[in-house]
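>>> sequence? don't have it. structure:
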C-alpha cells in the first residue's frame with residue numbers, strides 16, 4: 001500500500017510552521033502516546049535485558065533506560081512535525097480522567113518480525129492482566145476517534161515494553177517487574193537518530 005503524503009511545514013521567521021501543501025519526503029519523525037516506567041524500574045528492566053542477552057547469546061543491544069516505554073497509540077511517521085495532528089491529539093489526551101494505577105509484567109517473549117530482527121519484549125503471561133492499562137488505552141482511543149483521529153487508533157493492544165531486537169526467539173517467565181503509572185506522554189521519535197523527545201505529558205489524577 002502506498003504511503004500517504006505527509007504535510008510540509010514552511011517555517012516563518014518567527015519559527016511558526018505553516019502548512020504549505022504536501023510532501024513525499026521520507027519519514028523522519030514518529031509520534032506516539034506512551035507510558036514510561038519510573039527511573040528505578042527502567043534500570044531494573046535494562047538489567048533484565050542485559051541478563052537475557054548474556055543467557056541466550058543475543059546480539060541486539062538493550063534499549064536504553066530513557067527510551068523504555070509502553071506504546072498506547074502510534075500516530076504515524078511523518079516528514080516533519082504535523083502541528084495540526086499534535087494539537088488535535090493533545091486535546092484528546094487532555095480529556096483523560098484516570099487515577100494512577102499499578103502495571104506489572106512477568107514474561108519475556110519475542111514478537112515475530114523477521115529472522116534477524118525480532119522484538120524481545122517484557123509483557124504479562126496472563127490474559128486480561130493490567131486492566132487499568134487496557135482501560136487507559138481504550139479511553140484514549142475513544143477520545144482520538146472523537147477528534148477525527150480514528151485512523152491512528154491501535155485496535156490490537158498487547159501491553160509490552162521492548163527490551164531489545166534479537167536474532168533468535170526468547171520465551172520465558174521472569175520475576176515480576178511493575179511500577180505505578182502516574183501519567184502518559186506524547187513522544188516524538190527522531191527516526192534513525194536514536195532520540196525520543198516528550199512533546200507533552202498528562203498526569204493521572
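On my side now, so go ahead. Note that this is a predicted model, so its numbers are computed, not measured. Numbers count the residues shown, from 1 in each chain.
>>> what does the longest helix along the chain contact?
The longest helix of the chain (DSSP state H) is helix 39-56. Here helix 39-56 makes contact (Cβ atoms under 8 Å, 6 or more residues apart in numbering) with 36-37, 58, 60, 62-66, 68, 108, 120, 122, 161, 163-164, 166, 168, 170, 174, 177-179. To be clear about C-beta, it is placed using only N, CA and C from the backbone, and glycine gets the same treatment.
>>> helix/strand/coil for the most centrally placed residue in the chain?
The residue lying closest to the centre of the chain (Cα atoms, centre = their mean) is residue 71, at 2.7 Å. Following DSSP: H, G, I helix; E, B strand; the rest coil, residue 71 is assigned to strand.
>>> Surely it and residue 31 touch.
No: judged on Cβ atoms under 8 Å, residue 71 makes no contact with residue 31 at a distance of 10.9 Å.
>>> shouldn't residue 191 be in contact with residue 27?
Yes: between residue 191 and residue 27 there is a contact at 6.2 Å, judged by Cβ under 8 Å.
>>> Overlap of the contact sets of those two?
The contact sets of residue 191 and residue 27 overlap at residue 77 (Cβ under 8 Å, 6+ apart).
>>> on that earlier part again, what are the buried residues along the longest helix of the chain?
For helix 39-56, the neighbour count (16 or more other Cβ atoms under 10 Å) marks 41-42, 44-46, 48-49, 52-53 as buried.
>>> so which pair among those residues is furthest apart in space?
41 and 53 (18.8 Å; Cβ to Cβ).
>>> And for residue 189, the neighbour number?
19 (other Cβ atoms under 10 Å).
>>> meant to ask about residue 93
Counted with other Cβ under 10 Å, the neighbours of residue 93 add up to 21.
>>> Check residue 161 too.
Neighbour number of residue 161 under other Cβ under 10 Å is 24.
>>> got it, and residue 153?
Considering only other Cβ under 10 Å, residue 153 is surrounded by 19 other residues.
>>> any idea how far it lies from residue 70?
16 Å (Cβ to Cβ, to the nearest Å).
>>> Helices along the chain, start to end?
Under DSSP H, the chain gives helices at 39-56, 83-93, 131-146.
>>> Same list, these, but as TSV with mean pLDDT and distance to residue 200 please.
Shown next, in TSV, are the helices of the chain (pLDDT from 0 to 100; distance: least, Cβ to Cβ, whole Å):
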stretch	mean pLDDT	distance to residue 200
helix 39-56	97	20
helix 83-93	98	5
helix 131-146	98	13
